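*Asks:* Test case, fold it:
(2 chains)
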Amino acid sequence: MMSITAIKGFNDLLPSESGLWQFIEQTARQVFARYGFNEIRVPIVEKTELFCRSIGDTTDIVEKEMYTFTDKGGSSLTLRPEGTASVMRALIEHKLYALDSVNKLYYMGPMFRHERPQKGRYRQFHQIGAEVTGASDPLIDAQVLLMVSRLFQELGLAEPSLQINSLGCPACRPAYREALVAFLAERQGSLCEDCRRRQGTNPLRALDCKVPGCVEATQGAPAMVEHLCPDCNDHFAAVQGYLVSAEVPFSLNPRMVRGLDYYTRTTFELVTGLLGSQSAVAAGGRYDGLVEQLGGPAVPGIGFALGVERVALLLGDRSFERVPDLFIAVMGDAARTAGFRLMETDCEGKSLKSQMRRADKLKARYSIVLGDTELAAGSGALKRMEDGRQQTVALIAEGIAGAITGG
RNA sequence: GUGGCCAUGGUGAAGCGGUUAACACUUACGACUGUGACUCGUACAUACGAGGGUUCGAUCCCCUCUGGCCACCCCA
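*Replies:* Got it, this is the predicted structure:
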C-alpha cells in the first residue's frame, strides 16, 4: 500500500534543522524588540477579498497563486499568501491605530503560494515580517531599513545587499506611468508577450523582465526616480541621507518593481547572488494608501518580510544542536525510579554500557552513574566526558552544578 | 503553466540482462551482568518508486504513471 506523503511544496522541518530556525526566529525577536516592535499573531486563513483588495487583482499572486476554497458556509476563503494584509486588517478591526498613533508590529509564520516548488521556493513557506503604521517621516523608513540590515548582521550574514528605489505616490506615479507606456509603445515589437499584455494593467513590470529583448528595449526607459513629485523626491532624498549617516550600505536600483500593488515611495529588497534566481531574501516598502484602501483611516505604513527558508539556506550547515550538560546513567530499580523524575534517563533497562554510549552520542559534557551504592553513599563519581576524569560529588543539585560550572 | 535531470536499504551509493544486490556510514546489541570515544563481533533490502511490456530470465532494455530535484516565470 502506498504510504501517505506530504503535499508537494509542503515540507517538514526536522529536528536537524529546527535549531537553526529557532536561532533565526530568536534573533529576529531580539532585534525587533530593541526597536519597539511587538508581536501580533493573525489567522492563516482570511476572506479572499482581503487579498484581492490589498495585493492587487492583476498581480501574479492573486491571479494564479492563491490557495482559495469555498468553506461550508459558502464564503470564499484563502490561505494567506503574505502577512501585511492580515496585519492591516487586524489593525483596522481592533482600532489599534487609536490606541497609539504609531504601531510597530511583527509576525512570523507560514504563507502559501501555489507555485512550482524549487530551491528556496515552496508552496508553504515562512516569513518573518515587521510593519510600522502611523509614521510617514523618512526617518522611520531609514530605521526600518537599518533594522533589517542589523538583523542580517546579527544573523551573521554579510551577503544580502540592500537595494532601494522609490515608486512615487498617487500624485506622481500616473504621469510617470504614462511616460513609460509611451516609451514602451514605441518599442512594442521587441517586447515579449507578457510585457505587451501587461502594458494596460501593470506596465512597470517590463522594467524587471528578464527576457533579453525586453532588457534591451527598456535600456533607456524613463525611471520613476526621475519623475518623482517634489514631496516624494524630498522624502526619498532624506531616506538616503539618513542611511548614509547611519552607515547602512545600500545601492539604488531604479528598475526595482515590487510584485504587490500597494507599495508607494520607498521600496527595497535584500538580494543575494547565492540562491540562484531566488535572489530576494527580504523585501518590503512603504504602503501609505493601504489602510485606507482596506476601509481604515488614512494611516501611512511601511514594512518588510524575510523568507525564512532562504535565510536558512544562506546560513547553511551551521550547527545549532544543544548538548546536555549532564547525563545520568541509572543502575537498578531504586535509581531508575529516582532518575526518571529528574531528567532524561533510561527507562528501558538498558545496560550501563549502552547508557554511556548514549551519553557520548548526545555529546553530554558530564555523566554520572546513579546506582545502589551511590544512593546509599549519597555521593557519586562525576565524569567529565571530554577527558574521562572523574571526581566524587555529593548527590545534591548544588554539588553537581558546582562541579560542572566550576570546571 | 513550460522545460531538463533523476528514482536501489535509515543514509551515501556499487551493480547496467543470470550476483548470496558489493562497499561505507548510521542504528541496535555484545566483547567482565558498574562506565563512552578506538578496535572487534553480530544483526539490519524475498528487495531495486508503481503498473505494464520485451526476454528462457530483468534492478539493469521499452512504455505509462507517480514522486523528487533543478531551471524558466514570479516572488520572500
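*Asks:* Would you mark the buried spots in stretch A:215-224?
*Replies:* Within stretch A:215-224, the residues that count as buried by 16 or more other C-beta atoms under 10 Å are A:217-218, A:221-224. Backbone N, C-alpha and C define where each C-beta goes, glycine included.
*Asks:* For the helix or strand containing residue A:175, could you pull out the residues that count as buried?
*Replies:* Residue A:175 belongs to helix A:173-186 when elements are defined using DSSP states H and E. Neighbour-count burial for helix A:173-186, counted by 16+ other C-beta under 10 Å, picks out A:173, A:176-177, A:179-180, A:183-184.
*Asks:* coming back round to it: would you mind trimming the buried residues of stretch A:215-224 to those in range of RNA strand B?
*Replies:* Here nothing survives when these are matched to RNA strand B using C-beta under 7 Å from any atom of the strand.
*Asks:* re the thing from before, any part of the helix holding residue A:175 near RNA strand B?
*Replies:* No. Helix A:173-186 stays clear of RNA strand B (C-beta under 7 Å from any atom of the strand), getting no nearer than 14.3 Å.
*Asks:* can you give me the helices for the stretch 51-200 of chain A?
*Replies:* Taking DSSP state H, counting those that start in this stretch as the criterion, the stretch 51-200 of chain A contains helices spanning A:60, A:84-93, A:96-99, A:138-154, A:173-186, A:193-198.
*Asks:* Report the mean per-residue pLDDT for the fourth one.
*Replies:* In this model, helix A:138-154 has an average pLDDT of 96.
*Asks:* what's the answer for stretch A:319-333, then?
*Replies:* Computed over stretch A:319-333, the average pLDDT equals 87.
*Asks:* Up against RNA strand B, what does the stretch 101-250 of chain A have?
*Replies:* Residues of the stretch 101-250 of chain A lying near RNA strand B (C-beta under 7 Å from any atom of the strand): A:113, A:115-122, A:125, A:127, A:194, A:205, A:208-211.
*Asks:* ok, 6 Å please
*Replies:* A:113, A:115-119, A:121-122, A:125, A:127, A:194, A:209-210 (C-beta under 6 Å from any atom of the strand).
*Asks:* on that earlier part again, run the chain-centre distance for the helix holding residue A:175.
*Replies:* 35 Å (C-alpha atoms, centre = their mean, to the nearest Å).
*Asks:* my guess is residue A:109 meets residue A:127, correct?
*Replies:* Yes. Residue A:109 lies in contact with residue A:127 (C-beta atoms under 8 Å); the separation is 7.2 Å.
*Asks:* Can you get me a residue count around the residue nearest to residue A:379 when sequence neighbours are not counted?
*Replies:* Excluding its sequence neighbours, the residue lying closest to residue A:379 (C-beta to C-beta, 6 or more residues apart in numbering) is residue A:394, at 5.0 Å. Neighbour count of residue A:394, defined by other C-beta atoms under 10 Å: 14.
*Asks:* And stretch A:131-143, what's buried?
*Replies:* A:131-136, A:138, A:140-143.
*Asks:* Sitting in strands, which of the residues of the stretch 101-250 of chain A next to RNA strand B do you find?
*Replies:* A:125, A:127 (DSSP state E).
*Asks:* Show me which pair in the residues of the stretch 101-250 of chain A next to RNA strand B is furthest apart.
*Replies:* Spatial extent of those (C-beta to C-beta) is set by the pair A:127 and A:194 at 26.1 Å.
*Asks:* what about the residue nearest to residue A:63 when sequence neighbours are not counted, how many neighbours?
*Replies:* Nearest residue to residue A:63 in three dimensions, chain neighbours excluded: residue A:57, at 7.5 Å (C-beta to C-beta, 6+ apart). The number of residues packed near residue A:57 is 11, by other C-beta under 10 Å.
*Asks:* What distance do you get for residue A:57 to RNA strand B?
*Replies:* 13 Å (C-beta to the nearest atom of the strand, to the nearest Å).
*Asks:* And residue A:147, by the same measure?
*Replies:* For residue A:147 relative to RNA strand B (C-beta to the nearest atom of the strand), the value is 16 Å.
*Asks:* Do I have it right that residue A:252 meets residue A:166?
*Replies:* No. Using C-beta under 8 Å, residue A:252 is not in contact with residue A:166, being 9.3 Å away.
*Asks:* Looking at residue A:127 and residue A:194 now, which is surrounded by more residues?
*Replies:* Taking other C-beta under 10 Å, residue A:127 and residue A:194 do not tie; residue A:127 has more neighbours (21 against 12).
*Asks:* Got the confidence number for the more buried one?
*Replies:* 97.
*Asks:* And residue A:241, by the same measure?
*Replies:* 97.
*Asks:* likewise residue A:301?
*Replies:* Residue A:301 is given a pLDDT of 96.
*Asks:* Run through the residues that contact the residue of chain A found nearest RNA strand B.
*Replies:* Residue nearest to RNA strand B within chain A: residue A:259 (2.1 Å; C-beta to the nearest atom of the strand). By C-beta atoms under 8 Å, 6 or more residues apart in numbering, the contact list for residue A:259 reads A:59-61.
*Asks:* Let's see that with 10 Å instead.
*Replies:* Applying C-beta atoms under 10 Å, 6 or more residues apart in numbering to residue A:259 gives the contacts A:55-56, A:59-61, A:65, A:82, A:202, A:205, A:208, A:280, A:283.
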